[in-house]
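Visitor: Just a sequence and a predicted model for now, questions to come.
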Amino acid sequence: MLSRGKVPASSILASAPSDKNLDTWRESGCRTTHCNLEVLQESTLVFLATKPHVLPGVLQEIRPAVGPHHIVVSLAAGVTLQTLQRVRFLLLLLLLLLLLLLLLLLLLLLLLLLLLPFAPLLPAGTKVLRLMPNLPCVVQAGAMVFARGSGAGDGEAALLKSLLSSCGLCEEVPESYINIHTGLSGSGVAYVYLFAEALAEGAVKMGMPGGLASRIAAQTLLGAAKMMLETGEHPAKLRGDVCTPGGTTIHALHQLEKGALRATVMNAVEAATNRACDVAED
Ligand SMILES: NC(=O)C1=CN([C@@H]2O[C@H](COP(=O)(O)OP(=O)(O)OC[C@H]3O[C@@H](n4cnc5c(N)ncnc54)[C@H](OP(=O)(O)O)[C@@H]3O)[C@@H](O)[C@H]2O)C=CC1
Ligand SMILES: O=C(O)[C@@H]1CCC=N1
């Protein structure tokens, strides 16, 4: 967003406990702080980009400062819009413990237990959106999907899409697609790097220097992806176009089929999607 000039660096305030990542923000001209509440005080559009297990604590911290003017966007993998608006299970367990210890308050706490599952982590009606980016957003070639919570309307969705389009493909989807996108693309980038590494290592094995093999592997992936996007052709059709009968490619593809590449990649997407679903319950 910064490199495309979508937003001036001076309008961005980044917060984190340490300077590890904040140094990079400062180098880009952004302002930084160690106080999350300061971000809420100074900003309207707030991106929550902590690891998923840290997010509930951050939401509880910022809750008092969240108002109707805020648009809150969570990037945390697996954390559903419903979770974003609910009190943590741990809090319920704590209340259960208190319940046992404080028998005298039995009735009152029972009432709380009944009410708390419906108590939002963020104030009711907060404009919340859930976003799943991927790493190539850094080079404006990302693939992102987002879903809006009940408080977010067309204006908020349009704003997010307009800002993020500078980082790559950005689509609004039903929330049920977000975990699938995590398996396909958020995590999928890592499978592609593994494939790139294997391509290059194959070439190294056959005698090509590593640096050159790596650059050619990357360009091969870039070119194949560009062609798939620009022609709109199914990948099976493009793969067929490369195969000369009795030629080199079909011999190589046979080896990949023997190694169950397709089934393995499908299993990988399934595993990451399922893990994203589990994260919401952790
Ligand atoms: N990496 C990826 O490719 C993708 C990541 N995601 C999601 O994005 C999120 C971030 O992942 P990633 O960027 O890899 O993680 P990083 O660890 O690189 O970044 C997390 C940041 O959160 C900060 N942080 C930790 N605790 C707090 C707190 N209490 N208040 C404010 N900030 C805090 C950390 O601060 P400090 O620097 O001090 O440690 C760090 O800067 C995750 O939820 C992940 O699921 C989604 C799609 C792709
Ligand atoms: O591995 C993870 O959990 C995150 C989500 C998508 C990419 N990285």
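Guide: In hand now; what should we look at? No experiment lies behind these values; they were computed from the predicted model shown. Residues are numbered from 1 along each chain as shown. Ligands and ions are numbered 1, 2, ... in the order given.

Visitor: Trp172: what's it in contact with?
Guide: Just so we're on the same page, residue 172 is Glu rather than Trp. Going by Cβ atoms under 8 Å, 6 or more residues apart in numbering, Glu172 touches Val145, Phe146, Ala147, Arg148, Ala157, Lys161. To be clear about C-beta, it is placed using only N, CA and C from the backbone, and glycine gets the same treatment.

Visitor: Let's see which of these end up in helices.
Guide: Ala157, Lys161 (DSSP state H).

Visitor: wait, which of the contacts of Glu172 is closest to ligand 1?
Guide: Using Cβ to the nearest ligand atom, Val145 is the member of these that lies nearest ligand 1, at 10.5 Å.

Visitor: what pairs with that closest one across the strands?
Guide: Met132, Glu171 (DSSP bridges).

Visitor: what about Leu121, is that helix, strand or coil?
Guide: Under DSSP: H, G, I helix; E, B strand; the rest coil, the three-state class of Leu121 is coil.

Visitor: quick one: it and Arg130, what's the gap?
Guide: Remark: distance between Leu121 and Arg130 (Cβ to Cβ, to the nearest Å) = 13 Å.

Visitor: Same check on Ile12?
Guide: For Ile12, the distance to Arg130 - Cβ to Cβ - is 21 Å.

Visitor: tell me, how many neighbours does the residue in the stretch 101-250 of the chain positioned nearest to ligand 2 end up with?
Guide: The nearest approach of the stretch 101-250 of the chain to ligand 2 comes at Gly186, 3.1 Å away (Cβ to the nearest ligand atom). As a burial measure, Gly186 scores 25 neighbours (other Cβ atoms under 10 Å).

Visitor: Now do the same contact list for it.
Guide: Taking Cβ under 8 Å, 6+ apart, one finds Ala77, Met132, Pro133, Asn134, Ala272 in contact with Gly186.

Visitor: so where is the stretch 101-250 of the chain shaky, pLDDT-wise?
Guide: Counting by pLDDT under 70, the stretch 101-250 of the chain has low-confidence residues at 103-104, 106-120.

Visitor: which residue ranges form the strands in it?
Guide: 127-132, 142-148, 168-172 (DSSP state E, counting those that start in this stretch).

Visitor: quick one: which of the ones you listed is nearest Cys277?
Guide: The closest of the strands of the stretch 101-250 of the chain to Cys277 is strand 127-132. By Cβ to Cβ, the value is 13.1 Å.

Visitor: quick one: that closest one to strand 168-172, angle?
Guide: Counting by axes from the mean of the first three to the mean of the last three Cα atoms, to 10 degrees, strand 127-132 lies at 130 degrees to strand 168-172.

Visitor: what residues does strand 127-132 touch?
Guide: Residues outside strand 127-132 that contact it (Cβ under 8 Å, 6+ apart): 47, 68, 70-75, 77, 79-81, 84-85, 122, 144-149, 151-153, 156-157, 160, 164, 175, 178, 181-182, 185-186.

Visitor: filter those residues to the buried ones?
Guide: 47, 70-75, 77, 79-81, 84-85, 122, 144-149, 151-152, 156-157, 160, 164, 178, 181-182, 185-186 (16 or more other Cβ atoms under 10 Å).

Visitor: If we check ligand 1, which of the residues you listed are in contact?
Guide: Restricting the buried ones among the contacts of strand 127-132 to those touching ligand 1 (Cβ under 6 Å from any ligand atom) yields Leu75, Ala77, Gly186.

Visitor: Out of those residues, flag the one nearest to Ala198.
Guide: Closest approach between these and Ala198, by Cβ to Cβ: Gly186, at 21.0 Å.

Visitor: export the contacts of Glu172 to JSON lines and tack on distance to Leu105?
Guide: Output for these, formatted as JSON lines (distance: Cβ to Cβ, whole Å):
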{"residue": "Val145", "distance to Leu105": "45"}
{"residue": "Phe146", "distance to Leu105": "42"}
{"residue": "Ala147", "distance to Leu105": "39"}
{"residue": "Arg148", "distance to Leu105": "39"}
{"residue": "Ala157", "distance to Leu105": "44"}
{"residue": "Lys161", "distance to Leu105": "48"}
